[in-house]
Structure formats: structure tokens, C-alpha cells
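Undergrad: sequence and predicted structure, then a few things I'm wondering about:
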Amino acid sequence: MKADKIYTSQTIRIYARIRDINGVLTNPQSIQFELQKPNETEYTTYTGVTIPTIKNESTGIYYIDLDVETQGRYKYTWFTYGNVTSSWKSFFEAEDARYP
């Protein structure tokens, strides 16, 4: 299935599903999200108290809503700590919402 296009001037939701070693959804003691916007060299770190806030939808399912401001590649990493320690990376490409 082909992914929907992501455009500037919209908000997207990025999910994390945390499972223990047995594959059961579980809440970690701590969760963190890092984002690198296009053409930036440093990551912005988000925890449960920063804006945008990481939300817990249900056991083991977390998400963050991000405003897409500029076109280009956004790189992100989820980190979990405590009873479940893990990390994983991904990215998405945003296109300009305006016609050239």
C-alpha cells in the first residue's frame, strides 16, 4: 500500500507501539521522541512534559502530533527506558503544499 503524501501546513501523527520481549504491549517507564527537521543538524527532544506532548493512547501505544512547517526530510527516533529499553528510527518526506 502506498503511503499518503505529506504536505507542509498540516499536522501528522506518529505512533510508537511498545512491546516487551514476549510481544505483549506494555508501557515503558519513560519514553522520548527526537526530531530532526530538514536542513537542521541538531535534534529536538520531546518528553511527556514538552510541547508537542507525547500522548499515551492505551497500553503500549503512544503518539505525537507534529506540525509540518517546511518541505524536505524529517528524521525521528523513539527511545524507551526502564522495564522496556529500545529505540528505532524512521523518517518522512514533506512536499510544499503550494503549487510551484
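TA: Happy to help now that I have it.

Undergrad: only C-alpha atoms from now on, for both contacts and neighbour counts.
TA: Fine.

Undergrad: can you list the low-confidence ranges for the chain?
TA: Scanning the chain for pLDDT under 70 picks out the ranges 1-3, 100.

Undergrad: closest to the centroid, which residue in it?
TA: Centroid-nearest residue in the chain, with Cα atoms, centre = their mean: residue 14, separated by 4.4 Å.

Undergrad: so who does that residue touch?
TA: With contacts taken as Cα atoms under 8 Å, 6 or more residues apart in numbering, residue 14 has the following neighbours: 63, 64, 65, 66.

Undergrad: so in terms of bridging, what pairs with it?
TA: Legend: beta-bridge partners of residue 14 under DSSP bridges are residue 64.

Undergrad: can you tell me how far it is from residue 21?
TA: The span separating residue 14 from residue 21 equals 23 Å under the rule Cα to Cα, to the nearest Å.

Undergrad: send the alpha carbons of stretch 27-34 over as PDB?
TA: Once non-C-alpha atoms are left out, stretch 27-34 reads as follows in PDB (Å, rounded to 0.1, in the frame of the first residue of the first chain):
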ATOM      1  CA  ASN A  27       4.100   0.900  28.900                       C
ATOM      2  CA  PRO A  28       7.800   1.800  29.400                       C
ATOM      3  CA  GLN A  29       8.900   3.700  32.500                       C
ATOM      4  CA  SER A  30      10.000   6.600  30.200                       C
ATOM      5  CA  ILE A  31       9.600   7.500  26.500                       C
ATOM      6  CA  GLN A  32      11.300  10.100  24.400                       C
ATOM      7  CA  PHE A  33      11.000  11.300  20.800                       C
ATOM      8  CA  GLU A  34      13.700  13.100  18.900                       C
END
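
Undergrad: and that stretch, what's buried?
TA: Neighbour-count burial for stretch 27-34, counted by 16 or more other Cα atoms under 10 Å, picks out 27, 28, 31, 33, 34.
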